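In: Next comes the sequence, and after it the predicted model I'd like to discuss.
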Amino acid sequence: MSPSTPARRPWTADEQKKLDDLLKVGKTVAEIAAAFHRTPHSIYSQLQRLDIKRTKAARGMVAIGLKPKKSK
């Protein structure tokens with residue numbers, strides 16, 4: 001890794017739960033980034049990764065005949 005590229009800090013399960021909780025109460029990305037001591041870009045990236053995982057899981061459920069849960 002080059003010196004100009006910062007290392008990506010992995011997300012823990014607790015951080016992912018807290019991210020979901022903060023989104024549910026309507027916090028902005030800037031507020032969430034400050035709470036996690038991360039950049040807004042890292043928050044957007046994690047949200048994108050989570051959405052891709054959720055979408056793939058829902059597709060897999062539909063493929064085997066199950067209905068995904070509706071999010072509130």
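Out: The structure has been received and is ready for your questions.
In: which stretches of the protein have low pLDDT?
Out: 1-6, 56-72 (pLDDT under 70).
In: would you list every one of the helices in it?
Out: Counting by DSSP state H, the chain forms helices over residues 13-24, 29-36, 40-63, given from the N-terminal end onward.
In: quick one, which of those helices is nearest to residue 7?
Out: The minimum distance between residue 7 and these falls on helix 40-63, with 11.4 Å, by Cβ to Cβ. For glycine as for every other residue, the C-beta is placed from the backbone atoms N, C-alpha and C.
In: most packed of the helices of the chain?
Out: Among these, judged by mean count of other Cβ atoms under 10 Å, the one packed with the most neighbours on average is helix 29-36 (a mean of 15).
In: Could you list the residues in contact with that one?
Out: Residues from elsewhere that reach helix 29-36, judged by Cβ atoms under 8 Å, 6 or more residues apart in numbering: 15, 18-19, 22-23, 27, 39-40, 42-44.
In: Format those residues as a markdown table; extra columns: distance to residue 54.
Out: What follows is the contacts of helix 29-36, written out as a markdown table (distance: Cβ to Cβ, whole Å):
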| residue | distance to residue 54 |
| --- | --- |
| 15 | 17 |
| 18 | 17 |
| 19 | 13 |
| 22 | 17 |
| 23 | 13 |
| 27 | 19 |
| 39 | 23 |
| 40 | 21 |
| 42 | 19 |
| 43 | 16 |
| 44 | 16 |
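In: Let me know the closest of these to residue 9.
Out: Within the set of those, residue 42 lies nearest residue 9; the separation is 7.9 Å, counting by Cβ to Cβ.
In: All set now, cheers.
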